[in-house]
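In: Give me a model of this one.
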Amino acid sequence: MDNKKYNISVEATLEVIGGKWKCVILCHLTHGKKRTSELKRLMPNITQKMLTQQLRELENDGVINRIIYQQIPPKVEYELSEYGKSLESILTALCNWGEKHITKVYGDKTLVLEDSILNK
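Out: Model (predicted):
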């Protein structure tokens, strides 16, 4: 453990879930285990390199588990860890605020939100 100092605790939260893709990955994982290819399909604008990097960082921070199945061909799935499940209320709040923001700015949210299980 280094001698890191935070000005306020939200900095620690953002250090773990901040950035463009981590919350999106976590939101998808609140709906169950996903393979890398499923996550990539659900997030077509993320590069494979970025997806892999974000998954590794989330795993290193202990918020997701990587499950490796010993089979041929190899199979790997990701799921929220117990620690990661504690973020669900934060993720729900972020989604709710984003939906209100979209409605405020664009009016009809269906004009700008993709058709996705997360947008139902």
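
In: Any stretches of this protein with poor pLDDT?
Out: Where the chain drops to pLDDT under 70, the residues are 1, 116-120.

In: Quick one: the strands in it, in order.
Out: In the chain, the strands defined using DSSP state E lie at 34-35, 64-69, 75-80.

In: contacts for the first one?
Out: Translated: strand 34-35. 28, 42, 75-79 (C-beta atoms under 8 Å, 6 or more residues apart in numbering). Where C-beta positions appear, they are placed from N, C-alpha and C, glycine not excepted.

In: Can you find which helix in the chain contains the most residues?
Out: Secondary structure of the chain per DSSP state H: the longest helix is helix 88-106.

In: packing partners for that helix?
Out: helix 22-29 (3 or more C-beta pairs under 8 Å, 6 or more residues apart in numbering; DSSP states H and E).

In: Can you give me the neighbour number for Leu113?
Out: 14 (other C-beta atoms under 10 Å).

In: looking at it, it is touching Ile102, isn't it?
Out: Yes: shown here, Leu113 and Ile102 form a contact pair, counting by C-beta atoms under 8 Å, at 6.6 Å.

In: before we move on, the earlier item: ok, and what's touching the longest helix of the chain?
Out: Outside helix 88-106, the residues that reach it (C-beta under 8 Å, 6+ apart) are 13, 17, 23, 26-27, 30, 80, 109, 112-113, 118.

In: Kindly indicate which of those lies nearest Gln71.
Out: For the contacts of helix 88-106, the closest approach to Gln71 (C-beta to C-beta) belongs to Leu80, at 22.9 Å.

In: Find the nearest non-adjacent residue to the closest one, please.
Out: Computed as C-beta to C-beta, 6 or more residues apart in numbering, the closest residue to Leu80 that is not its neighbour in sequence is Leu29, at 4.9 Å.

In: wouldn't that neighbour be in contact with Glu79 here?
Out: Yes: the criterion here is C-beta under 8 Å, and Leu29 meets it with Glu79 at 6.1 Å.
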